[in-house]
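Peer 1: build the 3D model from these lines:
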Amino acid sequence: MASDHPSENGADEREEDGDEEEEEEEEPRLKYQRFGGNVPSLLSTDAASSIAIAERMVALGTHDGTVHILDFQGNQVKEFAAHTATVNDLCFDVEGEYIGSCSDDGSVVINGLFSEERLRFEYHRPMKTITLDPDYSRKSSRRFVAGGLAGQLFLNTKNWLGYNKQVLHDGEGSIHAAKWRTSLIAWANDAGVKVYDMANNQCITFIERARGSPRPELLLPHLVWQDDTILVIGWGTSVMVAAIRTNLPHRTNGVQKNMSVSNTKYVDIVASFQTNYHISGIAPYGDALVILAYILEEENGEKDFNSTIPSCPKTLMQGTAQRPEVRIVTWKNEELATDALPVHGYEHYKAKDYVLVHAPFTGSSYAGGQWAAGDEPLYYIVSPKDVVVARPRDAEDHVSWLLQHGWHEKALAAVEAGQGQTGLLDEVGSRYLDHLIVERKYAEAASLCPKLLRGSASAWERWVFHFAHLRQLPVLVPYMPTENPRLRDTVYEVALVALATHPSFHQLLLSTVKSWPATLYSTSTVISAIKPQLNTSSMTDSLKEALAELYIMGTQYEKAFSLYADLMKPEIFDFVEKHSLHDAIQDKVVQLMMLDSKRAVSLLVQYRDMVSPSEVVGQLLHARQKCDNRFFLHLYLHSLFDIDSKVGKEFHDLQVELYADYEPRMLLPFLHSSHHYKLEKAYEICVKKDLLREQAFILARMGNAKRALAVYINKLEDIAEAVDFVSTQHDDDLWEELIKQCLQKPEMVGILLEHTVGNLDPLYIVSMVPGGFEIPRLRDRLVKIITDYRTETSLRHGCNVILKADCVNLLIKYYKEARHAIYLGSMEEETRGKRVNVASAPIIERATNTRVMVVKSRTRGNGRCCLCFDPFSIQNVNVVVFFCCHAYHVPCLQDGSDSVGIVSQSDDDNDDDGGSRMRCVLCTTASG
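Peer 2: From the prediction side, this is the model:
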């Protein structure tokens, strides 16, 4: 009862009322429709008794013994007059190519659905169940299991002699149900449920029937394989879920009793509960169960919901049945949904008159309460005169139900997650946007526009101007499309100007300008709107950067560079390189260094012709910004020196100081390379920084080699460096000084002996050592000196031998070349440009570098032929000159050679290619 004053528990009461309303408004889980097609006409003259579902068809058995093959719309495809009595059970193989049926007439019939194959087996007792090997159509064994009132479970296998009938089990009453999955066969008899492993050919478990439950003839057991390892059992008022496990033998659990312990498989009861109704069928529903509940009305007119076991056998036979109910429960018997079915003639039916089967048999993609499209299971509830098909409600059903109850937000979420129709999405979107605008939830409305408006340009433009009218356009800008659809230019310009006029949205303006293509709008229009704010208090860095981006889009790069420099943007380096703005960096040295010293140094060194070193050094030395300008100066001068040691030589004195401060290890190489620094100043810096090697180098360059040597010996105590230093000075007095200073320390004498091989005679050093002077490890060092000396002597001897051999070979080669003649052409031949025929003068060698010329140089013949004594200028014939300075006319030389016979065929006189050479007549005759 409501009161005028709120009570302490008033809120709780209201919450309870709200919970009750939510319970009343709970959405159904399933939707139902009667199986249409030919089914109503078939059941008008007959009564359904069994059903089986395959991937492509439905089989319906009737009381007159007929098996009807139907499609999923209920249209009859085939019909088999298989039996003469009630069809008790039907079973497809996995491929859906064969249908097996059993009947009270004692027969089992297997028909091929796509062939004329038909098998009939007689058992002479009513058969209650049949199950085919899932791979029945794939295997030649054609196995199936059948059982009935005879109490025997038969395994039939085809061999080359026919079918072999094997009894898997008997002696525990009638066989009421059997299901085959992979290699596992589960069946139920009067005693309970057993599971047999065909792979190991042994029974792996026995699950006892619940005590006190009605006889199986009144309440049939129901077996369903949820997957390859989960068996669901519904019997009477008891539900059990059994899991097939491996490698854990000796397992017991409550009603489970292992008849034969398997080394590979065992069964574990993972769920078990009692219901307050009779079970007429059971099937999996994702991670829950669908149960077809049979409820009796007691004599007082009330449903029996109170007792754990609802009715005794007598009540089952005498009570009035209520409408069957489809209940969805969890494995813990938590009820999720309940629907009563308006089945025709339910008042007259018993629990065993109903059948519940489901499809598909292979799992489902159930997640979060929804199935993927095409994977949702179907449930067929069969009564003698009716077949009802139940299926989970889909996304469209869910959305429609939410819209009916005014829950637009939930409806939109459902449309986004489901497969709602386009018209449904438009309806939900329109109503939801209007609702959010009324509630002034502008940001939420804007975020939903891409999903709700999608590709409609007109709808987008209408909502953009509506947000602009409400002065809420900035919240919509991030969601505006730039393509598919593309809006008018004016729409984008209005949006950007709206962002520019509000400083709080300048960052959004910047990101929008960067992300939107420049072709969407006129940049000049937006720039004109931003320019008036440059010198006002509303100017922000984001607005400057956005303006720079707009300048870039308009190819006004200089203006953009000026803004980037003010903003100290790191991308200014790429910008300069990309647009060749090297002239613009002259007065921005310090800013560039502060942004990225490495890139700035590289840029300034590369373009040192445009920005001189003196200008860079001046700006860095007089920098006003707070920065390590001397370090920047060091980086610049170091890179400049590496590129060109002469550029910036006037700053080498400063560079010595900078190296000493920031990079001492690089100072010595710099001192070696440069000659443009003051030695005295550099020496003072090195003394101040205690740089010893640098001091020694500068002292040596200043001419004070002895002081430099003292630094190596007394301060560095490095005899090896001292020896190297003295060897480069080429001063014998310096060697004397080195020996003199080393004699002060015995250890130094030993080190000196090791390092003077090749530079100084070790015996001389030993002779200068005073008597009684102890030198550590003298023996080992003398051995090393002698060994090194021998090695050096051997190397020198080998080098001398090689050198002598090379000299002899080169002298022989020179001698041979000196004996060759040089062919000189005549003036007439030069003017005509003709060559002497090689065939007519085979003994004349033409050097590869011979050139045609007139003999004008002085020869021993004073420009005359040494045989005919005529001047060369008189006769216009070719001339041959030897390195002995004797010259001949070619004809004269040929005649003279033949007369004295001086052509030699010796190896020394032969060319490499075997041809003979001409010799000087006078020299050859004189030597002979």
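Peer 1: top helix in the protein by residue count?
Peer 2: If you go by DSSP state H, the chain has its longest helix at helix 778-818.
Peer 1: note down every partner strand of the next helix-or-strand element following it and its orientation.
Peer 2: Counting by DSSP states H and E, the element after helix 778-818 in chain order, helix or strand, is strand 821-824. Using DSSP bridges, strand 821-824 pairs in its sheet with strand 879-882 (antiparallel).
Peer 1: distance between the strand it pairs with and the chain's centre?
Peer 2: 82 Å (CA atoms, centre = their mean, to the nearest Å).
Peer 1: same question for stretch 62-70.
Peer 2: For stretch 62-70, the distance to the chain centre is 57 Å (CA atoms, centre = their mean).
Peer 1: for the longest helix of the chain, packing partners?
Peer 2: helix 746-755, helix 762-768 (3 or more CB pairs under 8 Å, 6 or more residues apart in numbering; DSSP states H and E). For the C-beta atoms, the positions are set from N, CA and C on the backbone; glycine is no exception.
Peer 1: what about Phe144? Give its phi and psi, please.
Peer 2: phi -160, psi 160 (degrees, to the nearest 10).
Peer 1: for the closest residue to Ala660 other than its chain neighbours, list the residues it contacts.
Peer 2: Among residues not flanking Ala660 along the chain, Lys689 sits closest, at 4.6 Å (CB to CB, 6 or more residues apart in numbering). If you count contacts by CB atoms under 8 Å, 6 or more residues apart in numbering, Lys689 has them with 660-661, 664.
Peer 1: by neighbour count, which of those residues wins?
Peer 2: Neighbour counts for those, by other CB atoms under 10 Å, peak at Ala660, which reaches 19 neighbours.
Peer 1: please, which helix or strand holds that residue?
Peer 2: Using DSSP H and E, Ala660 falls within helix 652-662.
Peer 1: got the contact list for that helix?
Peer 2: Contact with helix 652-662 is made by 617, 630-631, 633-634, 637-638, 641, 666-667, 670-671, 674, 676-678, 681-682, 685-686, 688-689, 691, as judged by CB under 8 Å, 6+ apart.
Peer 1: among these, which lie within helices?
Peer 2: Per DSSP H, the contacts of helix 652-662 map to helices at 617, 630-631, 633-634, 637-638, 641, 667, 670-671, 681-682, 685-686, 688-689.
Peer 1: the residue nearest to Ala660 and Thr787, how far apart?
Peer 2: Separation of Lys689 from Thr787 (CB to CB, to the nearest Å): 42 Å.
Peer 1: next one: Glu657
Peer 2: Distance from Glu657 to Thr787, by CB to CB: 48 Å.
Peer 1: endpoint to endpoint, stretch 714-722 covers what distance?
Peer 2: Chord length of stretch 714-722, first to last residue, is 10 Å (CA to CA, to the nearest Å).
Peer 1: coming back round to it: more neighbours: Glu657 and Thr787, which one.
Peer 2: The residue with more neighbours, out of Glu657 and Thr787, is Glu657; 19 against 11, by other CB under 10 Å.
Peer 1: which phi and psi does Thr131 have?
Peer 2: phi -150, psi 130.
Peer 1: count the neighbours of it for me.
Peer 2: 25.
Peer 1: contacting residues for it?
Peer 2: With CB under 8 Å, 6+ apart as the criterion, the residues that contact Thr131 are 91, 100, 144-146, 178-180, 185.
Peer 1: among these, which pair sits farthest apart?
Peer 2: In these, the most distant members under the criterion CB to CB are Gly100 and Ile185, with 14.1 Å between them.
Peer 1: with neighbour numbers in mind, choose between those two.
Peer 2: Each of Gly100 and Ile185 has its neighbours counted (other CB under 10 Å); Gly100 has more, 26 against 23.
Peer 1: in strands, which of the contacts of Thr131 fall?
Peer 2: 91, 100, 144-146, 178-180, 185 (DSSP state E).
Peer 1: from these, keep the buried residues only.
Peer 2: 91, 100, 144-146, 178-180, 185 (16 or more other CB atoms under 10 Å).
Peer 1: count of residues packed around Tyr277?
Peer 2: With other CB under 10 Å as criterion, Tyr277 counts 22.
Peer 1: returning to what we had before: quick check on the ones in helices among the contacts of helix 652-662: which are buried?
Peer 2: Judged by 16+ other CB under 10 Å, buried ones among the ones in helices among the contacts of helix 652-662: 617, 630-631, 633-634, 637-638, 641, 667, 670-671, 682, 685-686, 689.
Peer 1: which SS state does Val167 fall under?
Peer 2: Recorded secondary structure, Val167: strand (DSSP: H, G, I helix; E, B strand; the rest coil).
Peer 1: what mean pLDDT does stretch 591-602 get?
Peer 2: Throughout stretch 591-602, pLDDT has a mean value of 87.
Peer 1: no no, stretch 286-296
Peer 2: For stretch 286-296, the mean per-residue pLDDT is 91.
Peer 1: for it, which positions count as buried?
Peer 2: For stretch 286-296, by 16+ other CB under 10 Å, it's 286, 288-296.
Peer 1: residue contacts, the residue lying closest to Asp587 once chain neighbours are set aside?
Peer 2: Using CB to CB, 6+ apart and skipping residues adjacent in sequence, the residue nearest Asp587 is Gln619, 7.6 Å away. Contact analysis of Gln619 by CB under 8 Å, 6+ apart lists 587, 589-590.
Peer 1: cool, and Ser504?
Peer 2: With CB under 8 Å, 6+ apart, Ser504 has no contacts at all.
Peer 1: could you verify that it is part of a helix?
Peer 2: Yes: counting by three-state DSSP, Ser504 falls inside a helix.
Peer 1: now stretch 586-604: buried residues?
Peer 2: Within stretch 586-604, the residues scored as buried using 16+ other CB under 10 Å are 588-595, 597, 599-601, 603-604.
Peer 1: so which of those residues comes closest to Leu810?
Peer 2: When the buried residues of stretch 586-604 are compared for distance to Leu810 (CB to CB), Val601 wins out at 53.4 Å.
Peer 1: tally of neighbours for Met93?
Peer 2: Quick fix: residue 93 reads Asp, not Met. Using other CB under 10 Å: Asp93 sits among 24 other residues.
Peer 1: contact partners for it?
Peer 2: For Asp93, the contacting residues are 132-137, by CB under 8 Å, 6+ apart.
Peer 1: and for Ser447?
Peer 2: Tyr479.
Peer 1: what's the spacing between the residue nearest to the spatial centre of the chain and Ala560?
Peer 2: Geometric centre of the chain, nearest residue: Ser515, 25.9 Å, by CA atoms, centre = their mean. In this view, Ser515 and Ala560 are 18 Å apart by CB to CB.
Peer 1: low-confidence regions, the stretch 301-450 of the chain specifically.
Peer 2: 301-319, 360-374, 418-423 (pLDDT under 70).
Peer 1: quick one: the helices in it?
Peer 2: Taking DSSP state H, counting those that start in this stretch, the helices of the stretch 301-450 of the chain run over residues 313-318, 395-404, 408-417, 422-438, 442-453.
Peer 1: quick one, which of those helices gets closest to Glu27.
Peer 2: When the helices of the stretch 301-450 of the chain are compared by CB to CB, helix 395-404 sits nearest Glu27, at 5.5 Å.
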